[in-house]
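# Return a 3D structure for these sequence lines:
(one chain, ligands or ions: 1)
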Amino acid sequence: MLKNVEVLPDKAALVQRSLELVLERLQTAIQERGMASIALSGGSTPKPLFEALAEQDLPWDRLHIFWGDERYVPPDHPDSNEGMARVAWLNKVPIPPGNIHPMPTDEPDPALAAQRHEQEIQQLFQTTPGEFPALDVILLGMGDDGHTASLFPHTEALQVRDRLITVGNKDGQPRITFTAPLINHARCVIFMVAGSNKRPALSQVFAAEADAMHYPSRLIQPQGELWWLLDQAAGDGIV
Ligand SMILES: O=C(O)[C@H](O)[C@@H](O)[C@H](O)[C@H](O)COP(=O)(O)O
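Predicted coordinates:
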């Protein structure tokens with residue numbers, strides 16, 4: 001793992017830096033393998049990045065879009081990560097609809113939705129059960145409790161090592177999430193973390209010793225590149 005940590009002056013600079021990294025890696029993937037895959041994070045931080053990506057001139061038919069996690073709501077719900085990315089970016093560019101792979105949230109049982117999505121990913125990447133595909137880029141955020149994707153502290157999802165997709169749990173509310181091993185098989189993981197409210201958790205995530213079950217972002221140790229892009233409010237003095 002190649003770990004890079006950059007503290008940027010403010011959130012706008014953090015977004016600009018993440019745009020540079022994402023574009024470089026997507027273009028390299030397309031040159032090398034003819035296609036690129038990116039999993040989007042949810043929450044509020046990545047929205048300006050998605051808006052900036054909508055302004056780019058990319059070979060959209062070579063790009064496949066995933067999500068690292070999803071709230072268990074319909075895509076038109078205000079909390080939907082899919083809905084946010086479509087409005088901020090995907091609805092504005094000519095990406096083939098079949099290249100967009102949202103996490104299903106329409107099964108009565110979220111576990112079935114997780115299983116369905118796992119099968120979709122295995123089919124797309126031609127992997128067999130137990131094998132983990134390497135996505136080119138996985139974007140992540142970090143909550144002020146140290147969670148990432150929908151891997152929340154002291155939840156069962158943190159223990160799942162043999163699946164690509166599992167059910168997360170936020171205060172009893174179901175989520176669909178990439179598992180830690182799927183994230184760790186990515187070629188490049190980019191955390192975007194902004195705001196002073198993230199400092200306490202960040203200091204634990206970067207500490208020499210801390211409980212990963214309490215600070216799940218510590219579980220993210222990808223075999224490829226790991227980038228932590230922090231704004232000064234979050235990272236100054238921590239790293
Ligand atoms: O669905 C989600 O909420 C996310 O995937 C989650 O992991 C998010 O990235 C963090 O909670 C940070 O969210 P903010 O960017 O809003 O601080």
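# Just give the closest residue to residue 65, not the sequence neighbours.
The shortest distance from residue 65 to any non-neighbouring residue, by CB to CB, 6 or more residues apart in numbering, is to residue 100 (4.8 Å). C-beta coordinates here come from the backbone N, C-alpha and C atoms, glycine included.
# quick one: contacts for residue 228?
3-6, 191, 193, 235, 239 (CB atoms under 8 Å, 6 or more residues apart in numbering).
# In PyMOL, how would I select just the buried ones from those residues?
Per 16 or more other CB atoms under 10 Å, the buried members of those correspond to this PyMOL selection:
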select buried, resi 191+193+235
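# Check the contacts of residue 228 against residue 226 and report the nearest one.
residue 3 (4.6 Å; CB to CB).
# who's in contact with that closest one?
Contact analysis of residue 3 by CB under 8 Å, 6+ apart lists 226, 228.
# and if you look at the one 5 residues further on?
Neighbouring residues of residue 8 by CB under 8 Å, 6+ apart: 14, 16-17, 229-232.
# For the residue nearest to residue 65, which phi and psi angles does the backbone take?
Main-chain torsions, residue 100, degrees, to the nearest 10: phi -110, psi 120.
# Sitting in helices, which of the contacts of residue 8 do you find?
Among those, the residues falling in helices (DSSP state H) are 14, 16-17, 232.
# for the ligand, what are the nearby residues on the protein?
Contact residues (CB under 6 Å from any ligand atom) of the chain with the ligand: 41-45, 69, 71, 81, 141-143, 147-149.
# From those residues, keep the buried residues only.
By neighbour count, with 16+ other CB under 10 Å, the residues of the chain next to the ligand hold 41-42, 45, 69, 71, 81, 141-143, 147-149 as buried.
# biggest separation within those residues, which pair?
Taking CB to CB, no two of those sit farther apart than 71 and 142, at 16.7 Å.
# hmm, back to that, closest one of the contacts of residue 228 to the ligand?
Distance to the ligand across those (CB to the nearest ligand atom) is lowest for residue 193, with 7.7 Å.
# in this protein, which spans are helices?
Under DSSP H, the chain gives helices at 11-33, 47-53, 81-88, 110-125, 180-184, 199-205, 232-235.
# I'd say residue 60 and residue 97 touch.
No - if you go by CB atoms under 8 Å, residue 60 and residue 97 don't touch, sitting 11.0 Å apart.
# Between the two, tell me which one has more neighbours.
Using other CB atoms under 10 Å as the criterion, residue 60 and residue 97 rank with residue 60 on top: 14 against 6.
# re the thing from before, quick check: the two most widely separated of the residues of the chain next to the ligand?
71 and 142 (16.7 Å).
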